[in-house]
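**Student:** Build me a model from this:
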Amino acid sequence: MTIQKISNPIVREWFLSAQDDELLVEQTLKENKNYPPNPLCFLAQQIAEKSLKGFLVFIKQEVPKLHQIEKLLAMCAKTDPDFLEFDETGKWLSELYITTRYPADGAFKAFSRAEAKEAFEKAQKIKNFVMDKIHQDKI
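**Tutor:** So this is what the prediction gives:
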């Protein structure tokens, strides 16, 4: 299923926003050998977060104002327990939200390019899983 075929406009907007992040990370990884990894790690977290929030809208759940992927996965799992298979991945991606953005809090971490690629791959797995669930629409 392509994003344009999603009938609910709010669900579609969540996925279009995730797609923007995905395209930026993908192009940067492909074309720029000197990219800073932290912004890409953050965008990878955002791909997963936006995809899961799009799913919550799809299943007519309220979208919380939080950024912990594992909590979003748990909310999605109330409708479909298959989401729990990403719990550890979700915890790992959640760490990227704060640690890539807030050096003054003492939580800042400089990630490697390998970690940026790993984050992107993990986020894509979640996004593709969510898109497959929406495509199947057997929820």
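**Student:** From here on, just use CA atoms for contacts and neighbour counts.
**Tutor:** Will do.
**Student:** tell me the secondary structure for the one residue sitting closest to the centre of the chain?
**Tutor:** Centroid-nearest residue in the chain, with CA atoms, centre = their mean: residue 48, separated by 0.9 Å. Taken by DSSP: H, G, I helix; E, B strand; the rest coil, the conformation at residue 48 corresponds to helix.
**Student:** for the closest residue to it other than its chain neighbours, phi and psi?
**Tutor:** Nearest residue to residue 48, sequence neighbours excluded (CA to CA, 6 or more residues apart in numbering): residue 123, at 4.9 Å. Phi and psi for residue 123, reported as degrees, to the nearest 10, are phi -60, psi -40.
**Student:** Check the gap between residue 123 and residue 109 for me.
**Tutor:** 19 Å (CA to CA, to the nearest Å).
**Student:** can you check residue 7 too?
**Tutor:** Distance from residue 7 to residue 109, by CA to CA: 40 Å.
**Student:** can you check residue 80 too?
**Tutor:** Residue 80 is 34 Å from residue 109, by CA to CA.
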